[in-house]
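Visitor: Here is my input; please provide its structure:
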Amino acid sequence: MNKDLIQFLPKNVINQIAAGEVIERPSSVLKELLENAIDAKAKIIDIFIKDSGKTLIQLIDNGEGMSFNDAKMSFQRYSTSKIKTNDDIFRIKTKGFRGEALASIAFISQLEIQTKNKESGVGIHLFVEDGKMKKQTSINMLQGTRISVKNIFYKFPARRRFLKSSRIEFQHIVNEFYKIVLSHRDIIYRFYHNDKIIFSLKKASLEERIKEIFNNHKKIFIPILINKKNIILIEGFISSPDFSEKKGNQFLFVNQRCITNTLLHRNILHAYDGIIKNLKTISYFIFIHMDPCLVNWNIHPSKKEVKFEEEDKICKILQQEIKNILCSQYKIKKNELDNSNLLLSCDLMNQNNSFLNHYYNSCFEELSYQEKIIQLENWFRNMKESDIFLFKKDIHFTNELSNYVLDEKNLKTFQMSGKYIIFPLNNDYIILVDQHRAHQNILFEFFFENFEKKLISQQFLFPIEMKLLKNELISLTNIKYDLIEIGFHLYLFNKSIYLYSIPEKIHQNMIIDIFQKILTYNFVKGEKNNKKILIKSISKSAAIKYGTKLNSDKMEYLIRDLFSCNNPNYTYSGDPVFFVLNNNFFKKTIL
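Guide: Here you go, the predicted structure:
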């Protein structure tokens, strides 16, 4: 007889699971208490933290308070004053709405609630443990609420052990505090930790609040405002590119709630493409206001993630507006540009190159240095090969170019869009080299010419194992000795390949990509084209990818290696490796 395995969970287990979804750490408690105080229309909030919230999190507010019955209901699951019908879920205007916060806190801590509303003559003091009321008394107090959360996870030692150090937990608490004080600036806040005052914040504008809590009084913030009447309002501040900054502060709010939205975040950061290299240094404080009916908050237990209608459209509008602001408002001096952490190197435009000076001065005379960079960067990003004027690459021109590259001791190069390496040829031409195709050519000729020779290999301390399907194992077995000739020392056993060394020209990080590409072919043992197909595949997979930033030394080595090849003009697939522009090109195309 079969024994039934599925059963209902005990109520205490259900409560523990639910509490774990809402309360992850002490900062989660502070977040929920602050949101309740704001929903209660508090104008003064005092916060007392001890031992980074592990011992005590206490919040005192002068909000509306609760009646005797409301106080007793407040820590019961799914008890809430925020929503009453199913339709209310799709018109959320308050911080809380599900009625889970206090219930979850009550289950994992020792909770005390002291509260009084306007209509009550006296207040009530409740003592709650394990989600159950242990004691209640009447007290004299002013209107408002005092909630004390003591000894978080005291009955769950396993959960408590997962808490981080006091320093890290306190930083999480401060981060949650930042999110509230940035979005609700019409409230007075006092924040204490271990009886020492950490923050004392009065009512302030957004810019004042940013500079106050992050101590950035000298930092320049650029305002942003997008107002699509009756649809959406976007406002806030973005940072001007600051190359001394190590890490920026990035906050995104929808209807005054701090959220996480990967798509919006990426679009904001990529508005700075071509201006600053390290996007982590960017700061932004963006507030999006829209109809609550267009926002779905009910997709994450702690309401950190949100979905809203026409997300892609909003992202594009925001990114374009930031780009426009940066291009039109932000100016940078040449000495700042020379020392900055920009994507581009302007070494090409120096006084030793008369053609480039002429081009630079005549074409971009009226633009700031930053606008010149942005215009060039945007043009190269949108450039199509068919738009480029190509000279006939005859043998005489190629020989002249190769001799110049190999003989020039100080080759001036710079990179555009993570795709092209650019350098001048005398004073007449600009050469654009496709970095990925150039490296493909270099690798292809290297492996093809050195096939069957003993190539230097990089040996691993421990072999790299990759699992194979049956057909993949057969295909690799058919080219095993070809791989060995190239420099891959490997062993095939029990549907796995064990790599002991790889050719010196290949980086270890590329191995998976290389073999994934190789395994797309069904190699037949003894086929004449196996060698060529294999080398083509390896060269393409191992070549420098588009988007890879190269320093001046790497660019110079790549250019010299390319023009040492027998055929620097075209890849083995027939694609052009470099392009030649005459001195009238930029005037015709950009101006």
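
Visitor: From now on I want contacts and neighbour counts done on CA atoms only, so please keep to that.
Guide: Noted.

Visitor: Walk me through the domains of the chain.
Guide: 11-201, 206-329, 344-591 (automatic domain parsing).

Visitor: could I get these as TSV with mean neighbour count?
Guide: Converted to TSV, the domains of the chain look like this (neighbours: other CA atoms under 10 Å):
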stretch	mean neighbour count
domain 11-201	18
domain 206-329	16
domain 344-591	16
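
Visitor: What mean pLDDT does stretch 72-84 get?
Guide: What stretch 72-84 shows for mean pLDDT is 70.

Visitor: correction: stretch 515-528
Guide: 84.

Visitor: One more: stretch 45-54?
Guide: The model assigns stretch 45-54 a mean pLDDT of 96.

Visitor: That stretch: end-to-end distance?
Guide: Taking CA to CA, to the nearest Å, stretch 45-54 runs 20 Å from one end to the other.

Visitor: Could you give the separation of that stretch from the chain centroid?
Guide: Its chain's average C-alpha position is 31 Å from that of stretch 45-54, according to CA atoms, centre = their mean, to the nearest Å.

Visitor: and if you look at stretch 521-534?
Guide: Remark: stretch 521-534 is offset 42 Å from the chain centroid, using CA atoms, centre = their mean.

Visitor: export that stretch as PDB, just CAs?
Guide: Only the C-alpha atoms of stretch 521-534 are listed here, as PDB (Å, rounded to 0.1, in the frame of the first residue of the first chain):
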ATOM      1  CA  TYR A 521      31.100  21.100 -36.700                       C
ATOM      2  CA  ASN A 522      30.800  17.400 -37.400                       C
ATOM      3  CA  PHE A 523      34.300  16.500 -38.300                       C
ATOM      4  CA  VAL A 524      34.900  13.400 -40.400                       C
ATOM      5  CA  LYS A 525      38.200  11.600 -39.900                       C
ATOM      6  CA  GLY A 526      40.700  12.100 -42.700                       C
ATOM      7  CA  GLU A 527      38.900  15.000 -44.400                       C
ATOM      8  CA  LYS A 528      41.300  17.400 -46.100                       C
ATOM      9  CA  ASN A 529      39.500  20.500 -45.000                       C
ATOM     10  CA  ASN A 530      39.500  19.600 -41.300                       C
ATOM     11  CA  LYS A 531      42.700  21.500 -40.600                       C
ATOM     12  CA  LYS A 532      41.500  24.700 -42.300                       C
ATOM     13  CA  ILE A 533      38.100  24.600 -40.700                       C
ATOM     14  CA  LEU A 534      39.600  24.000 -37.300                       C
END
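
Visitor: Can you name the residues in contact with that stretch?
Guide: Identification of contacts with stretch 521-534 by CA atoms under 8 Å, 6 or more residues apart in numbering yields 448, 472, 475-476, 478-479, 482, 518.

Visitor: taking those as a set, which two sit the farthest apart in space?
Guide: 448 and 472 (23.9 Å; CA to CA).

Visitor: Just the contacts of stretch 521-534: which are in helices?
Guide: 448, 472, 475-476, 478, 482, 518 (DSSP state H).

Visitor: Residue 184: which of those residues is nearest?
Guide: residue 518 (56.7 Å).

Visitor: Residue 27 is in contact with residue 172, isn't it?
Guide: Yes - counting by CA atoms under 8 Å, residue 27 touches residue 172, with 5.7 Å between them.

Visitor: pLDDT-wise, which helix or strand of the chain ranks last?
Guide: Using mean pLDDT, DSSP states H and E, the weakest-scoring helix or strand in the chain turns out to be helix 334-338, at a mean of 34.

Visitor: Going along the chain, name the strands of the stretch 451-591 of the chain.
Guide: Assigned by DSSP state E, counting those that start in this stretch, the strands in the stretch 451-591 of the chain fall at 457-467, 489-493, 496-503, 578-582.

Visitor: Please disregard the earlier target; I meant the stretch 151-300 of the chain.
Guide: 188-193, 196-201, 221-228, 232-239, 250-254, 257-258, 284-290, 295-296.

Visitor: could I get those strands as CSV with distance to residue 42 and mean pLDDT?
Guide: As requested, those are arranged in CSV below (distance: least, CA to CA, whole Å; pLDDT from 0 to 100):
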stretch, distance to residue 42, mean pLDDT
strand 188-193, 9, 96
strand 196-201, 14, 94
strand 221-228, 28, 88
strand 232-239, 24, 91
strand 250-254, 20, 93
strand 257-258, 17, 90
strand 284-290, 22, 93
strand 295-296, 25, 78
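
Visitor: could I get those strands as TSV with distance to residue 276?
Guide: As requested, these are exported to TSV (distance: least, CA to CA, whole Å):
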stretch	distance to residue 276
strand 188-193	36
strand 196-201	33
strand 221-228	16
strand 232-239	12
strand 250-254	16
strand 257-258	26
strand 284-290	14
strand 295-296	33
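
Visitor: where does the protein have low pLDDT?
Guide: Where the chain drops to pLDDT under 70, the residues are 1-22, 77-99, 217-218, 242-245, 274, 277, 297-305, 327-394, 452-456, 582-591.

Visitor: list the helices and strands the strand or helix carrying residue 29 packs on?
Guide: Using DSSP states H and E, residue 29 sits in helix 26-39. Judged by 3 or more CA pairs under 8 Å, 6 or more residues apart in numbering; DSSP states H and E, the packing partners of helix 26-39 are strand 56-61, helix 101-108, helix 166-183.

Visitor: Can you check which of those gets nearest to residue 144?
Guide: strand 56-61 (5.6 Å).

Visitor: for the contacts of stretch 521-534, which one is nearest residue 46?
Guide: residue 518 (63.6 Å).

Visitor: With adjacent residues omitted, what lies nearest to the closest one?
Guide: Excluding the flanking residues, the one nearest residue 518 by CA to CA, 6 or more residues apart in numbering is residue 537, at 6.3 Å.

Visitor: State whether that neighbour and residue 519 are indeed in contact, as I suppose.
Guide: No - using CA under 8 Å, residue 537 is not in contact with residue 519, being 9.9 Å away.
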